[in-house]
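K.L.:
Next come a sequence and a model predicted from it.
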Number of protein chains: 2
Amino acid sequence: MLSDVAEQTQTMLYDSEQIVRRSNSPFNNDPVKALIDNDPAEIAKLSGTDYFTMLAATHAGSTSAEISKAAADWLAVTRHPRFNRLYTELVYQPMLEVLAYFRANGYKTIIVSGGTPGFMRSFAERAYGIPPEQVIGTTFAGTYSFDNDIALVKSDPRVMLIDDGPGKAVGIDHYIGRVPVASFGNSDGDIAMLATATNSPASRGRKRLAAIVWHTDAAREYAYDRDTSIGRLNQGLELAPRLGWTLIDMKRDWKVVFPFEK
Amino acid sequence: MLSDVAEQTQTMLYDSEQIVRRSNSPFNNDPVKALIDNDPAEIAKLSGTDYFTMLAATHAGSTSAEISKAAADWLAVTRHPRFNRLYTELVYQPMLEVLAYFRANGYKTIIVSGGTPGFMRSFAERAYGIPPEQVIGTTFAGTYSFDNDIALVKSDPRVMLIDDGPGKAVGIDHYIGRVPVASFGNSDGDIAMLATATNSPASRGRKRLAAIVWHTDAAREYAYDRDTSIGRLNQGLELAPRLGWTLIDMKRDWKVVFPFEK
């Protein structure tokens, strides 16, 4: 339901750092070795499946708490190279307002992210007011153990759900079990999620909102759509008018992008 | 978090009916053919994996809405053979009270069931006051489609998560992302869930409650523990005193079992 510039790059930068840090990473050879240079452009060349398989391998053996702790530590000190702000500051003011508006009217707000829940949960409650159980993400299989009276679930190197593209519709089906009243995205990876809100059998005859944040503001944020490899928005621009989705032109429609501008 | 007599038998009876109804079931030979006689005792002989694999196959091609609709239709008319009550009436009055008590104090209540979310969600909101997004269950992979402008997720014949035994701990990790404050079970299949509440690293130094409903009342409900194949409670009886879990002796501790007794 959220979109933010942080999501475009932060998880990738973070993830590639994790690869470097883990000596037991199985990826010490091409083509993934290039990633160890921490270059989002190189990461963007990977297929989604390769990317998430790699992610599963680097998370394997860790608990969700450990993953969240590592992410929180990283987020506490790492600044976005262009904005020189913590990534958790790079949330969109209009999205914070729409989340607050829905919550004030009795709706639950849920994040459906391509990133891992462990990462998103490390800051979602503080930054967005969204508790851990309302974060859906790309999920790896888990193994439960009970040794020395300690109950643990450790991540397995097997991808269970890629919560991106069609996987977002599957995630909504599994985790929410009903059709969202409103859904917000910013790339073609969100199309299935948006269509679930507006074009499910349960949506018929009911008012539903789907909106795409269109990155049109190179000065305050970024301007890209069809010609980017990360966060491409192409099919979504064609579907939006046909399916009645709102296109939010960031440059034209948003008085404020980031909270710190106010 | 819930336990009820309905759960012991209703999903199995329902599931075996579904097998009969679906002509495309791949299970027309031994040993699963025996199930078509709708005999819980035969179903109980299957391994958990076989049972859930069969379930995945019989659900394949259906949407969650279709599964919930079929379950709701079945539950609307089918009576428990012994109690001659609808299965949705066979909830435990003390569990309804404990759910209401937690909710009144600001807690979320969540069902972590071995059954499918499609089945549980068809009645959980009405019977327990638990909305669809707070139901975790055994989950099959899904396939998203968008044809004729209709967004659908259909079940695949592949088991994604067996939400029973250790899988309950994995389900809690994936869906909730934090450690429950209290957890209620009634069989060894709940041990991992109970241990997650009391013996996770995040539980240390905090008050946590785990309780097992012990079926000791043959007159009002059932009496069984170690010697049953469905819902066996054996290891749990040994772990409870050691780990400080409360054993709820149904016969001794519950003034009322079912709401209709009042």
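P.N.:
Perfect, thanks for sending it. Numbering: from 1, shown residues only, chains lettered A, B, ... in the order given.

K.L.:
Report the secondary structure element holding the residue nearest to A:Y128 when sequence neighbours are not counted.
P.N.:
Excluding its sequence neighbours, the residue lying closest to A:Y128 (CB to CB, 6 or more residues apart in numbering or on different chains) is A:L99, at 6.1 Å. C-beta here means a position set from N, CA and C on the backbone, and glycine is covered the same way. Assigning secondary structure by DSSP states H and E places A:L99 in helix A:93-104.

K.L.:
The helix or strand just after that helix packs against which elements?
P.N.:
Sequence order places strand A:111-112 as the next helix or strand after helix A:93-104, per DSSP H and E. Identification of packing neighbours for strand A:111-112 by 3 or more CB pairs under 8 Å, 6 or more residues apart in numbering or on different chains; DSSP states H and E yields helix A:117-128, strand A:135-136.

K.L.:
how does it look with 6 Å?
P.N.:
Identification of packing neighbours for strand A:111-112 by 3 or more CB pairs under 6 Å, 6 or more residues apart in numbering or on different chains; DSSP states H and E yields no helix or strand.

K.L.:
What are the contacting residues of that strand?
P.N.:
When contacts are taken as CB atoms under 6 Å, 6 or more residues apart in numbering or on different chains, the neighbours of strand A:111-112 outside the stretch itself are A:M1, A:L2, A:M120, A:A124, A:I130, A:V135, A:I136, A:K168, A:G171, A:M193.

K.L.:
Mind doing that once more with 10 Å?
P.N.:
Strand A:111-112 has contacts (CB atoms under 10 Å, 6 or more residues apart in numbering or on different chains) with A:1-2, A:7, A:99, A:117, A:120-121, A:124, A:128, A:130, A:134-137, A:163-164, A:167-169, A:171-172, A:175-176, A:180, A:183-185, A:190, A:192-193, A:196.

K.L.:
what's the spacing between it and its chain's center?
P.N.:
7 Å (CA atoms, centre = their mean, to the nearest Å).

K.L.:
so what strands line up beside it?
P.N.:
Strand A:111-112 has its sheet partners listed here by DSSP bridges as strand A:135-136 (parallel).

K.L.:
Walk me through which strands the helix or strand following the strand it pairs with pairs with, and which way each runs.
P.N.:
Per DSSP H and E, strand A:135-136 leads on to strand A:139-147 as the next helix or strand towards the C-terminus. If you go by DSSP bridges, strand A:139-147 pairs up with strand A:150-161 (antiparallel).

K.L.:
Dump the helix or strand following the partner strand to PDB, restricted to CA.
P.N.:
Once strand A:150-161 ends, the next helix or strand along the chain (criterion: DSSP H and E) is helix A:166-171. Included here for helix A:166-171 are C-alpha records, laid out as PDB according to Å, rounded to 0.1, in the frame of the first residue of the first chain:
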ATOM      1  CA  PRO A 166       1.500 -11.400  -9.100                       C
ATOM      2  CA  GLY A 167       2.900 -12.400  -5.700                       C
ATOM      3  CA  LYS A 168       1.300  -9.300  -4.100                       C
ATOM      4  CA  ALA A 169      -2.100 -10.600  -5.000                       C
ATOM      5  CA  VAL A 170      -1.200 -14.000  -3.600                       C
ATOM      6  CA  GLY A 171       0.100 -12.300  -0.400                       C
END
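
K.L.:
And helix A:166-171, what does it pack against?
P.N.:
strand A:111-112, strand A:135-136, strand A:150-161, helix A:191-199, strand B:139-147, strand B:150-161 (3 or more CB pairs under 10 Å, 6 or more residues apart in numbering or on different chains; DSSP states H and E).

K.L.:
starting at the chain centroid, how far to the second one?
P.N.:
Going back to what we said before, that points to strand A:135-136. Here strand A:135-136 shows a centroid-to-chain-centroid distance of 9 Å under the convention CA atoms, centre = their mean.

K.L.:
Would you mind listing the outside residues contacting that strand?
P.N.:
Contacts of strand A:135-136 with the rest of the structure, by CB under 10 Å, 6+ apart, involve A:1, A:110-113, A:115-122, A:124-125, A:128, A:161, A:163, A:167-168, A:170-172, A:174-176, A:193, B:133, B:174-177.

K.L.:
Identify the residues contacting A:R220.
P.N.:
Taking CB under 10 Å, 6+ apart as the definition, contacts of A:R220 comprise A:M250, A:K251, A:W254, A:V256, A:V257, A:F258, A:E261.

K.L.:
go on, A:S187?
P.N.:
With contacts taken as CB under 10 Å, 6+ apart, A:S187 has the following neighbours: A:3, A:7-8, A:114, A:164-165, A:212-215, A:224-225, A:228, A:230-236.

K.L.:
and the stretch 1-150 of chain A, which residues reach chain B?
P.N.:
Contacts of the stretch 1-150 of chain A with chain B, taken as CB under 10 Å from any CB of the partner chain, map to A:63-66, A:68, A:108, A:110, A:117-118, A:120-121, A:124-125, A:131-137, A:139-146, A:148-150.

K.L.:
ok, 6 Å please
P.N.:
Listed as neighbours of chain B in the stretch 1-150 of chain A under the rule CB under 6 Å from any CB of the partner chain: A:S64, A:P117, A:R121, A:P132, A:E133, A:T139, A:G142, A:Y144, A:F146, A:D149, A:I150.

K.L.:
Poorly predicted segments of chain A, please.
P.N.:
Chain A contains residues with pLDDT under 70 at A:1-44.

K.L.:
Check it and tell me which residue is nearest its centre.
P.N.:
Nearest to the mean C-alpha position of chain A, by CA atoms, centre = their mean, lies A:S113 at 3.2 Å.

K.L.:
List only buried entries from the residues of the stretch 1-150 of chain A next to chain B.
P.N.:
With burial judged by 16 or more other CB atoms under 10 Å in any protein chain shown, the buried subset of the residues of the stretch 1-150 of chain A next to chain B is A:S64, A:P117, A:R121, A:P132, A:E133, A:T139, A:G142, A:Y144, A:F146.

K.L.:
Between those, which sits nearest B:T246?
P.N.:
A:F146 (18.9 Å; CB to CB).

K.L.:
separation between the residue lying closest to the closest one once chain neighbours are set aside and B:T228?
P.N.:
Nearest non-adjacent residue to A:F146, counting by CB to CB, 6+ apart: B:A195, 5.6 Å away. Relative to B:T228, B:A195 is positioned 22 Å away (criterion: CB to CB, to the nearest Å).

K.L.:
go on, A:E238?
P.N.:
When CB to CB is applied, the distance between A:E238 and B:T228 equals 58 Å.

K.L.:
Looking at those two, which has the bigger crowd around it?
P.N.:
The residue with the greater number of neighbours, taking A:E238 and B:T228 and applying other CB atoms under 10 Å in any protein chain shown, is B:T228; the counts read 16 against 9.

K.L.:
Now that one: phi and psi?
P.N.:
Backbone geometry at B:T228, expressed as degrees, to the nearest 10, gives phi -120, psi 150.

K.L.:
how far does stretch A:159-166 sit from the chain's center?
P.N.:
Taking CA atoms, centre = their mean, one finds stretch A:159-166 lying 11 Å from the centre of the chain it belongs to.

K.L.:
okay, now the residue nearest to A:F146: neighbour count?
P.N.:
Under the neighbour criterion other CB under 10 Å, B:A195 is assigned a count of 25.
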